[in-house]
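In: Fold the following for me, if possible:
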Amino acid sequence: MQTYYAGKTRVAVVGAGHAGIEAALATARMGLDTILFTLSLDAVGNMPCNPAIGGTGKGHLVYEIDALGGEMGFAADQVTLQSRTLNLGKGPAVHSKRVQADRLLYRAYMKKVLENTPNLTLRQAQIVEVCFDECGRACGVVTQYGAQWDADAVILATGTYLSSRTITGEAVAEEGPDGMTAAKALSDSLAAAGIRLMRFKTGTPPRVHADSIDYSKLEVQEGECDAVPFSTRTDPDAFRDFRQIPCHIAYTNARTHEIIRANLHRSPLYGGVIQGTGPRYCPSIEDKVVRFSDKERHQLFVEPCGKDTKEMYIQGFSSSLPEEVQMEMLHSIEGFEHAVVMRTAYAIEYDCADPTQMLATLEFKEHPGLYGAGQFNGTSGYEEAAAQGLVAGINAALKIKGEEPLVLTRNSSYVGTLIDDLVTKGTSEPYRIMTSRCEYRLLLRQDNADARLTPHGHRVGLIDDARFAAYSKKQALIEAEVERCEHTHVAPGEAINALLLSKELPSLTTGASIADLIRRPQLSYADLAKIDESRPILPKSVVKSVEIAIKYDGYIKRQLAEVARKSKLEDKKLPADIDYNAISGLRLEARQKLSAVRPLTVGQASRISGVSPADVSVLLIWLGK
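Out: Numbers count the residues shown, from 1 in each chain. Next up, the predicted model:
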C-alpha cells in the first residue's frame, strides 16, 4: 500500500472504547496534542457486552479512576438507570457499587466530551500498522487509507477487534462486536514486530424486546433508596433524586438444561471451533450447565439497555449455540415463553498481547513509546479497561514531558493490583478484577479512593486546584471528627444505658469515649447522635469514612504494619540490565522467569510464579554485594 505523510501528533491512541477514551483524555488534558483513532465514530464508548458500570471489585476501580481524574465515574453518574451496592451483608472492604447505565446515552456523552476536549482530535480510521524506528521504538501509525502519522507515543486500546471473529453455532464471521470491522492487518503488524500475542474469547447474551416478556413471572429487583454517585464531581443530592428503573430476575430450569445438553454437539465451544480461552468468571450458559451439572437452575438478570429503547439484556445467558437453539432455550424460561429476540447471542475470539511484555507503566519493555491498555492487555470488563487506559495515558504524557512515571503499588489501589498482576504474573485467560485479588482490601475501600489517589491525580495535572482544595477540606473534616470522637467522653447515665439496653449491651459503669462506643459491633455512629451533643453536621461521605476509620482501627493498623514490612522489598530496586543467568544460587526456573518478566523490584520478583522465597533471598544477598 502506498502511504503519504499526514502529519505529527504527540500521542496516537488506537481504539475509542473505554481504555482509549481514558488514555486520550488523559494525554490531552495533560497538554499534549492527541489523536484518537476509532473504527467508527458511532461506536465511541460502546458497551458491546452488558449495559452496566461497576460491580464486585469493579466498583472500586471506577471510584479510583475518578480519584485520579478520569471520566468513567462521572459519565456513569450522568446516565444511571439504577444504582445498587453489592455485598452489603459483608464488611465495608468489599462493598461495591454497580449501576445500570443507559448504553446509548453513555456513548453520546463520551463522544461529546471527546469532541470538546482541547488538544484532542477524534478521527474515524482503521490503523493497519504501528511504525517502529531502527531501535524498536514506536514512532507512528498508518491508516487503511495510507495516511502515516508520526507520534512520540502510541497507545493500543484495541478491545476485542484484533483479528476478531464472531461465532454463533456454525455461523462464523470475520468481524468485531456488533458487526463492526475486524482489525486483521494491525494484528499482523504487531506480530511482525515481535510482540507476543494470545488468543482469547468472550461472549454476549441475546437482547430481547421488553414488551415480549411476562414480568409477572419474574422477581423484581429495585435499586437502593439512598444511592451515592461514583464521582466527587457529581452533586450527591441531585443524584439521589433520579427515578430508578427496576431490573428483574429469572431462572433457567430443567427443560433449559435438557435443550442445552441435547445440542452440545453443535456448540462451537465443545466442537473445537472456538480456539480462544474464555473468561473463568463469566462463562457461557452452556459452559455453566456442563461445569455445574448438579445445579437445578441458574440465575439470570433482566436489565434495561436504556430509557428510550426496548432492548433488554439477559445477563448470565451468554451463548454461542446456533440461533434456533438459543430461541428454544429462551422460550423454555418462565416469563420468556413468547420472548422476541432483537439481537442474537454470539461468542467472539480476538488477539491480545501477553502483558508480561510491559512495565508497570504499561509501556512495552522492548518497544519504548508503545503502550497497551484494556482488553488488548488480556483483561475483561469496561472498568479494568478504563483503569489501564488512564494509567497508560498518564505515563505516556509523563514520559514525553520528561517527568517521573506513575507506578501504582498493590497497597495503594485496585488499579495497582490489577496492573501488577498483569505485568508480573501474566494471565492465561481474560483477567477480571475481584476483591479477593487484593490482599490489602481493607485499606483499599471505595470510600477512601480519593484519599489514596487524588494527590497522584493532582500531581500529574488531572485534578485541578479547586477540586484538590475540596478533597483537602474533606480529609480535614474526617481527621478532625475522628480526633473529636476519640477525645469526647460519655459518662454513665440514663440516656446512654437506655441505648445500650436496646442493643442488648451491658450498661455503662464508667466513662467511655464516643470512639470506644462506635467500636462495639452493635453500635453505629448514627446510633450515638442523641447522646453526642457536640457532634457537628457533616456530609454523608465524611460520616461513612469516620465510622469505618474508628470501627476498624485495629484491623487497619494491622494491615498498615504488614504493608510496611513488605514495602522493604518494594524499595529494593533491581537493575534493568541484570543478568540473572550469572547469579549463582538461583534455580533454573527462577532464572528463566526473572529474565522474561524483568521485575523492577525485589517485591515484584517475589510475586512471579516460579520464584521461590529462597530465590528472593539469593537476590537480596546479590544486591547486598
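
In: wait, what's in contact with residue 466?
Out: Applying CB atoms under 8 Å, 6 or more residues apart in numbering, we find residue 466 in contact with no residue. Yep, even glycine has a C-beta here, placed from its N, CA and C like the rest.

In: Mind telling me what element it is part of?
Out: Remark: residue 466 resides in helix 465-487, with elements defined by DSSP states H and E.

In: What's the first helix or strand after that helix?
Out: Following helix 465-487 in sequence, per DSSP H and E, is strand 489-490.

In: Okay, buried residues for the helix holding residue 466 please.
Out: Neighbour counts over helix 465-487 (16 or more other CB atoms under 10 Å) mark 467, 471, 474-475, 477-478, 481-482, 484-485 as buried.

In: Take it, keep the C-alpha atoms, and write them as PDB.
Out: This file holds the C-alpha atoms of helix 465-487, laid out as PDB (Å, rounded to 0.1, in the frame of the first residue of the first chain):
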ATOM      1  CA  ASP A 465      -6.700  23.100  42.300                       C
ATOM      2  CA  ALA A 466     -10.400  23.700  43.100                       C
ATOM      3  CA  ARG A 467     -11.100  20.000  43.200                       C
ATOM      4  CA  PHE A 468      -8.000  19.300  45.200                       C
ATOM      5  CA  ALA A 469      -9.000  22.000  47.700                       C
ATOM      6  CA  ALA A 470     -12.400  20.300  48.100                       C
ATOM      7  CA  TYR A 471     -10.600  17.000  48.700                       C
ATOM      8  CA  SER A 472      -8.300  18.500  51.300                       C
ATOM      9  CA  LYS A 473     -11.200  20.000  53.100                       C
ATOM     10  CA  LYS A 474     -13.000  16.600  53.200                       C
ATOM     11  CA  GLN A 475      -9.800  14.900  54.600                       C
ATOM     12  CA  ALA A 476      -9.500  17.600  57.200                       C
ATOM     13  CA  LEU A 477     -13.100  17.100  58.300                       C
ATOM     14  CA  ILE A 478     -12.600  13.300  58.600                       C
ATOM     15  CA  GLU A 479      -9.400  13.700  60.600                       C
ATOM     16  CA  ALA A 480     -11.000  16.300  62.900                       C
ATOM     17  CA  GLU A 481     -14.100  14.200  63.600                       C
ATOM     18  CA  VAL A 482     -12.100  11.000  64.300                       C
ATOM     19  CA  GLU A 483     -10.000  13.100  66.700                       C
ATOM     20  CA  ARG A 484     -13.100  14.500  68.400                       C
ATOM     21  CA  CYS A 485     -14.700  11.100  68.800                       C
ATOM     22  CA  GLU A 486     -11.500   9.700  70.400                       C
ATOM     23  CA  HIS A 487     -11.500  12.600  72.900                       C
END
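
In: Report the buried residues of the least confident helix or strand in the chain by mean pLDDT.
Out: Least confident element among the helices and strands of the chain, by mean pLDDT, DSSP states H and E: helix 268-271 (a mean of 79). Going by neighbour count (16+ other CB under 10 Å), the buried part of helix 268-271 is 268-269.

In: Which other helices and strands does it contact?
Out: Using 3 or more CB pairs under 8 Å, 6 or more residues apart in numbering; DSSP states H and E, the elements in contact with helix 268-271 are helix 285-291.

In: Mind doing that once more with 7 Å?
Out: The criterion is 3 or more CB pairs under 7 Å, 6 or more residues apart in numbering; DSSP states H and E, and there are no helices or strands that helix 268-271 contacts.

In: Touching it from outside, list them.
Out: With contacts defined as CB atoms under 7 Å, 6 or more residues apart in numbering, helix 268-271 is touched by 167, 169, 264-265, 274, 284, 286-287, 320, 347.

In: try stretch 22-32
Out: For stretch 22-32, contacts defined as CB under 7 Å, 6+ apart pick out 10-11, 13, 34, 36, 65, 70-72, 114, 117-120, 155, 157, 373, 386, 389-390, 392-394, 396-397, 400, 460-462.

In: ok, and for that stretch, which residues are buried?
Out: 22-30, 32.

In: Closest to residue 95 out of those?
Out: Distance to residue 95, by CB to CB, is smallest for residue 22 among the buried residues of stretch 22-32, at 23.8 Å.

In: nearest residue to the closest one other than its sequence neighbours?
Out: residue 389 (3.7 Å; CB to CB, 6 or more residues apart in numbering).

In: quick one: low-confidence parts of this structure?
Out: For the chain, no stretch has pLDDT under 70.

In: gap between the host helix or strand of residue 399 and the chain center?
Out: Assigned by DSSP H and E, residue 399 belongs to helix 382-401. Per CA atoms, centre = their mean, to the nearest Å, the displacement of helix 382-401 from the mean C-alpha position of its chain is 13 Å.

In: Buried residues, that helix. List them.
Out: Going by neighbour count (16+ other CB under 10 Å), the buried part of helix 382-401 is 382-400.

In: which secondary structure elements does it contact?
Out: helix 18-29, strand 52-54, helix 58-68, strand 147-156, strand 370-372, helix 414-420.

In: right, and the ones you listed - which one's nearest residue 499?
Out: helix 58-68 (33.2 Å).

In: quick one: contacts of the closest one?
Out: The contact list for helix 58-68 (CB under 7 Å, 6+ apart) reads 22, 53-54, 72-74, 76, 96-98, 230-232, 381, 383-384, 386-387, 390, 413-415, 433, 444, 446, 449-450, 452-454, 456-457, 462.

In: Of those, keep whichever come out buried.
Out: Buried among those (16+ other CB under 10 Å): 22, 53-54, 72-74, 76, 96-98, 230-232, 381, 383-384, 386-387, 390, 413-415, 433, 444, 446, 449-450, 452-454, 456-457, 462.

In: picking that back up, which residues touch the residue nearest to residue 22?
Out: For residue 389, the contact set (CB under 7 Å, 6+ apart) comprises 18-23, 157, 373-374.

In: how about 6 Å then?
Out: Counting by CB atoms under 6 Å, 6 or more residues apart in numbering, residue 389 touches 19, 22-23, 157, 373-374.

In: Tell me the one of those residues nearest residue 299?
Out: residue 374 (28.3 Å).

In: Could you find the closest non-adjacent residue to the closest one?
Out: By the measure of CB to CB, 6+ apart, the closest residue to residue 374 outside its immediate chain neighbours is residue 19, 2.9 Å from it.

In: Just want to check the distance between the one you found and residue 606.
Out: Applying CB to CB, to the nearest Å, the value for residue 19 to residue 606 is 29 Å.

In: Counting neighbours, what do you get for the residue nearest to residue 374?
Out: 35 (other CB atoms under 10 Å).

In: hang on, it packs against residue 385?
Out: Yes: using CB atoms under 6 Å, residue 19 is in contact with residue 385, at 4.0 Å.

In: joint contacts of these two?
Out: Both residue 19 and residue 385 are in contact with residue 374, where contact means CB under 6 Å, 6+ apart.

In: for residue 318, what are its contacts?
Out: Counted by CB under 6 Å, 6+ apart, residue 318 has contacts 203-205, 284.

In: Quick check: it vs residue 203, distance?
Out: Distance of residue 318 to residue 203, computed by CB to CB: 4 Å.

In: Give the intersection of the neighbour lists for those two.
Out: residue 284.

In: picking that back up, filter the contacts of helix 268-271 down to the buried ones, PyMOL style.
Out: Of the contacts of helix 268-271, the buried ones go into a single PyMOL selection, burial set by 16+ other CB under 10 Å:
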select buried, resi 167+169+274+284+286+287+320+347
